[in-house]
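> Got a sequence here, can you build the structure:
(3 chains)
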Amino acid sequence: MARYIIRRLLQSIPLLFIISFVLFALMQATGDPLATMGGRQPTRAADRERLSRQLGLDQPITTQYLYWLIGNDWVVIDPETGRTGPRRGVLRGDFGTSYVSRQPVLEMIGGRIPDTLLLTGTAEVLILAVSLAVGIFSAVRKYSLFDQLFTAISFVLYSVPVFIMAYSLIYLLSIGLRRAGLPYFPTSGIFDPAIGRTFEQVVWHMVLPVLTLSLISIAGYSRYIRSTMLEVINSDYIRTARSKGITERRTLFVHAFKNAALPLITLVGLDLPFLLGGAVVTETIFAWPGMGYLFINSLTRSDYPVLMGILMLIAVGVVLAQLLVDVLYTVLDPRIRYS
Amino acid sequence: MRFFRTVLMMLALVAVLAAPAQAQGKSATVSWPQEPDTLSPLYTSMTFGGYTYQLYLAGAWAFDNALSPIPVLVSEMPNLDNGGINADGTVFTLMLKEGLTWSDGDALDSADFLFTYDMIMADGNAVGSRSPYDRMVSVEAPDATTVVITFSEPYAPWLSLFSTVLPEHVLRPIYDADGSLDTSDFNRNPTVSSGPYVFETWEVGSFMRFQANPSYVLGQPIIDTLVVTFVPDEVAYVAGLLNGDSDLGTFVAFSDVPALEEAGLKVEVIPSGYNEGWYLNTSAERAHPAMTDVRVRQAVAMSFDRDAFNTDLNYGATFTPHSFWENTPYANPNLSPYAFDQTAAGALLDEAGWVDSNSDGTRDKDGVELVLRFATNTRGIRVDLQAIAQQQLAAVGIGTELVNYPSDQFFAGYAEGGPVSTGDYDIAELSTAPAAFPDPDTSRFLCSEIPSDENPVGNNSTYYCDPELDALLIEQSVTTDFEARIALFHDIDAKLLDAAIWIGIWHDADVWITGTNLVNAKLNGVNPFWDVQNWDVAG
Amino acid sequence: MSASNRPVRLLGNEEGYAKGSNRALKRFLKHRGAVVGAILLGFMVVYVIFGSLLFDEAYANFNNTKLRLLPPSADHIMGTDNIGRDIFARTVYGGQISLMIGLLAMVVSVGIGTLVGVVTGYFGGWIDVVLMRLTEAMLSIPTLLFLLLISNIFGGRVPQIQFIGRTFSGSVVVIIIIIGLTSWMGLARIVRSLVLSLKETEFIIAARALGAPDYHIILSHILPNIVAPLVVSATLGVGNAILAESYISFLGVGVGAPTATWGNILEGARKFFEQAPWLWVAPGLLILLTVMGINFLGDGLRDALDPRSDKAV
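Below is the predicted model of the structure:
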């Protein structure tokens, strides 16, 4: 097992390097970070030249990539004063500073991660809990009214684009409630700054974005769990368990569920990139200060250091999480063995 | 079932608990549609960065709501009589008020001005722009309340000098230690203030909070706490203004104005120097061959009904400008924009030799079809305008190819292949203003600013060169006499209109919305917070 | 998707194949949802094709700002948009583009996914290692972020295209390619694992021992047996592609104006969603119904074609 883990980790290193170089090259092909540095005015010529030199953008792309990777504190960047560069490079933990805000990239991203996880993590927990409940219930009470109703509803919900869901929820639960004179859910930010970041404020602001994210996935997951449960329920070993006299509840939750859990973990594993950076549309609509929102803002400003930081961190996070999922497999299913 | 009951109960609990509490003291909320990139005047490249740092940093003077300068840190505006400006307009002497202090009690004096100049010019600082400090020969501080600035030639746009002053006692040690102010924490957490408010906190992604500065030179603000929130989604932004979450907002689209007015909010359209216009490319090498003919350009201007567009899509909230300097004394009041006249446009095109010889609906000449490349970015209203203009120009036989670039590509520089800079367009639509508004000086139409491989940083994206116009433009930048300068600009305006290289589409003033809770807020497009110490809240 | 270890029944002879497809058809028709899905999709196709007989493209693009934001009426049964264009006509022509993007993007992604899956599964070795790492790399990047990045790069530089009598923005081709390039990974993995287990069956081992060339084995024996997941994946892939296009158009980096798609009509409706709901209800509903139909259909196909599935719905 340990050897397997180490081997996987080693295999992923060249992978990460390749991803980083391809992304870096792609981004250089896109816009020009200096274009928007003048604010509403186009960047002045003299300033553009100077900024290009000061930010290291006048170097060829391979050099820029090298500096990004291992820093430029071993290079003299200002021949007049003999000053060396300030960056230590990604391999030493320095992701550089944002072109836009001059803040260290790790600090910027680090500040956003908790809020993103708050949103997507809560949504994921809600999705899993509700999908399991609905899926199992539907499977056990096959063809009941509940089952038919939920199947129909989930087909509809599953097909709704995220922003339509968001706007429909805003229309109903924010504007609608406000017009009816009832307390209504807010539509932007994490909390009302006049009140402060209290627990109630955060929860109140989380309702609409979490619902937006969850409803669609609940529809999809619950159906998948239902079908997996059905497969498992009708299988031989469950019939054996029942005939042995094990209670229905124990049968369901211990035996059936454990086997249904495996594919579920695959799904959650596939969702991991989403957890960190994928809720872009939702975060933008609800002005939720997370990673996806930061990505969009940085994209329009061609803020390469931040974009690279986000993408690389997500990539690393996913590689590690996939490994975790695979290891969990062996725990849950003793039949699976890795050499 | 039990599970769902529990969920419902939890939601109900949340609803009960989340009743909002009241804040202490007088408080007002301003919302921006974008979060500033930094609080430092040296590094910000965003309009909202530019507005927000005015809350905690004062400058030599500010502009009131008629855009006239009022002294803030100086005791009176420099002019020829009080010795503030010398006879040939090259030396400016600023006389500071006595006893000025920063919020921590340290003296605010000429040393801070000198320091500001040093920091802008320092090579270790990757500042956004050095203009106009890079034109100064020297800045001296003969005593604590006098600053002497010397230029090599008369400098007409001098009102843009020292719009902010940095605290030397706080930043000099940082600069000496790091060799640069680029990454200093002060950029995001300024610890001292000379402006009406003192910075308190910045919750990245959500808001900033400021507290009134009792030692502000123009008096302690009435409103104790000012909160600035950031709401990027247009729909949520307007909703926040409508339901009173925010007391002041700006940059809403003209199309949102009716709903806001209906709700009883105060809507003001305030000029900021910007005008949305079509730049017409006159380059013989890079533009369509028809574009070098002024008659074709004039025909383009006459084929699109700009007034109808402004009435219908801008809700009549703005109008068609004729001048790059519309709504300032520098625009020539005797001129008006090209009228919408498709017949006359067709006649001009016929005269220029562009007729539809092969009956395909588009004019042509010498085998070349008259299809113009119309480029802009992806903003909704511009995309809509392109569709409308395409139809109207087609009615006159002018074909158009519509292209939309993401902003960072559209505005990219010459070296990066940006379409505007490299002249890869025939019509480009963007909103521009003179660089140092309210000063009218601009370099956009100078012959020396035409971009090329030898001059990649050129600013003249219409590639237009007229020696007479050039002479006038150069002369105005060294003319400090107000009346004489206005006369020069009236000539410049007339020449530009005849050349038809810049066609005004709408006067791009900023829409500012004031909520019913905010009282006595007088705004302008350069210093919205010039009078913030006198704002008050109702009830 | 389910990691089942049961052996796959090979359909190696003509008769068995015909009987198998009859059985599949019967199962399909029994699945109520699948029939509903097929009907919905049929309706969509009729909508975009016959709609274009009612109006021509010039009418769909015809704007008149004096008639803007009109609610549904006899003249304009779905109302008019922000610059006075008829929404019904725009959804017809927009639907053509959206459906075309969905189909062609699916073709790209199924093509790449099958190719990668078969090659890695069948040949193994270093090509397997390299391509599998590539697949993992692509899976590590959130799709939407990657889509946004690439759309941003190629915005504005592609010329217009003439196709089937219509002229539209070249960005359509760009979008098709990039959606295709970002959605093949799931199918590649499924195909790979199927091919891996197929490779070990006696039939294939025998064929190889007899000296049959690789391409023959792949074409005649492997491909027919992976048709089931391919068809299901292709069907669902169309739905995902349509949704993906609507997301990137909504965020402003999708198909360029004036070419309409359901996604970019929705983007234009963003500001008016409270005051002019007909702007987004119509295209939103159309996307919803199309994707729903596809999901129903895909579900039915999965049940019908997958002989291992013993769940009746």
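> who touches residue 321 in this structure?
Reading this off chain A. Contact analysis of residue A:321 by Cβ atoms under 8 Å, 6 or more residues apart in numbering or on different chains lists A:269, A:272. The C-beta positions use only the backbone N, C-alpha and C, and glycine is treated the same way.
> look at chain B instead
Residues counted as contacts of residue B:321 (Cβ under 8 Å, 6+ apart) are B:275, B:277, B:327, B:331, B:337, B:504-507.
> looking at this, it is in a strand?
No: counting by DSSP: H, G, I helix; E, B strand; the rest coil, residue B:321 falls outside a strand, being coil.
> Residue B:272 in helix, strand or coil?
Following three-state DSSP, residue B:272 is assigned to coil.
> Apart from its chain neighbours, what residue comes closest to it?
Excluding its sequence neighbours, the residue lying closest to residue B:272 (Cβ to Cβ, 6 or more residues apart in numbering or on different chains) is residue B:525, at 3.0 Å.
> backbone phi and psi for that neighbour, please?
With angles defined as degrees, to the nearest 10, residue B:525 sits at phi -80, psi 0.
> separation between residue A:155 and chain B?
Applying Cβ to the nearest Cβ, to the nearest Å, the value for residue A:155 to chain B is 20 Å.
> before we move on, which element is that residue in?
According to DSSP states H and E, residue A:155 maps onto helix A:145-158.
> Check which helices and strands that helix is in contact with.
helix A:105-140, helix A:199-233, helix C:278-305 (3 or more Cβ pairs under 8 Å, 6 or more residues apart in numbering or on different chains; DSSP states H and E).
> who touches residue B:255 in this structure?
With Cβ under 8 Å, 6+ apart, residue B:255 has these contacts: B:313-315, B:381, C:271-272.
> And residue B:510, by the same measure?
By Cβ under 8 Å, 6+ apart, residue B:510 lies in contact with B:250-251, B:269-272, B:274, B:525.
> Same question for residue B:526.
Each residue near residue B:526 by Cβ under 8 Å, 6+ apart is listed here: B:63, B:67, B:272-273, B:437-438.
> Make a markdown table out of the residues you listed and add neighbour count.
Formatted as a markdown table, the contacts of residue B:526 follow (neighbours: other Cβ atoms under 10 Å in any protein chain shown):
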| residue | neighbour count |
| --- | --- |
| B:63 | 18 |
| B:67 | 19 |
| B:272 | 21 |
| B:273 | 27 |
| B:437 | 23 |
| B:438 | 23 |
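> can you redo these as TSV with pLDDT?
Shown next, in TSV, are those (pLDDT from 0 to 100):
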residue	pLDDT
B:63	90
B:67	83
B:272	86
B:273	89
B:437	83
B:438	84
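> just to revisit the earlier point, in PyMOL, how would I select just the buried ones from the contacts of residue B:321?
Filtering those down to the buried ones (16 or more other Cβ atoms under 10 Å in any protein chain shown) takes a single PyMOL command:
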select buried, chain B and resi 275+277+331+337+504+505+506+507
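> quick one on the thing from earlier: specify the stretch among the helices and strands packed on helix A:145-158 that is closest to residue B:341.
Among these, the nearest to residue B:341 by Cβ to Cβ is helix C:278-305 (33.2 Å).
> Enumerate the positions of that closest one that are buried.
C:278-284, C:286-305.
> and the angle for that helix with helix A:145-158?
Interaxial angle, helix C:278-305 versus helix A:145-158 (axes from the mean of the first three to the mean of the last three Cα atoms, to 10 degrees): 120 degrees.
> thinking again about what came up before, can you redo the contacts of residue B:321 as TSV with distance to chain A, pLDDT and secondary structure?
Listed next are those as TSV, based on distance: Cβ to the nearest Cβ, whole Å; pLDDT from 0 to 100; DSSP: H, G, I helix; E, B strand; the rest coil:
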residue	distance to chain A	pLDDT	secondary structure
B:275	12	93	strand
B:277	14	95	strand
B:327	17	88	coil
B:331	19	92	coil
B:337	23	93	coil
B:504	17	95	strand
B:505	16	95	strand
B:506	16	94	strand
B:507	15	93	strand
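> any low-confidence regions in chain B?
Scanning chain B for pLDDT under 70 picks out B:1-4, B:6-24, B:233, B:539.
> could you show me where the helices are in it, in order?
When assigned using DSSP state H, the helices of chain B occupy the ranges B:2-17, B:47-52, B:110-121, B:168-178, B:234-242, B:257-262, B:294-303, B:306-312, B:342-351, B:380-395, B:407-410, B:467-477, B:482-499.
> Over to the stretch 1-150 of chain C?
In the stretch 1-150 of chain C, the segments counted as helices under DSSP state H, counting those that start in this stretch are C:14-30, C:32-54, C:57-61, C:87-123, C:125-140, C:143-154.
> Lowest mean pLDDT across those helices, which one is that?
Among the helices of the stretch 1-150 of chain C, helix C:14-30 carries the lowest mean pLDDT, a mean of 61.
> about what we covered before: which one of the helices and strands packed on helix A:145-158 lies nearest to chain B?
Evaluated over these, closeness to chain B peaks at helix A:199-233, with 4.0 Å, by Cβ to the nearest Cβ.
> and residue B:457, how many neighbours does it have?
Residue B:457 has 17 neighbouring residues, counting by other Cβ atoms under 10 Å in any protein chain shown.
> contacting residues for the residue in the stretch 51-200 of chain A that chain C sits nearest to?
Closest residue of the stretch 51-200 of chain A to chain C, Cβ to the nearest Cβ: residue A:159 (3.7 Å). Contacts for residue A:159 (Cβ under 8 Å, 6+ apart) come out as C:239, C:287-288, C:291-292, C:294-295.
> Near chain B, which residues of the stretch 151-300 of chain A are found?
Neighbours of chain B within the stretch 151-300 of chain A, by Cβ under 8 Å from any Cβ of the partner chain: A:167, A:170, A:174-175, A:178, A:183, A:186-195, A:197, A:200-201, A:203-204, A:207, A:284-287, A:289-290, A:293-294, A:297, A:300.
> now those residues: which count as buried?
For those, a burial check counting by 16+ other Cβ under 10 Å picks out A:167, A:170, A:174-175, A:186-194, A:200-201, A:203-204, A:207, A:284-287, A:289-290, A:293-294, A:297, A:300.
> Right, I'll call it a day here.
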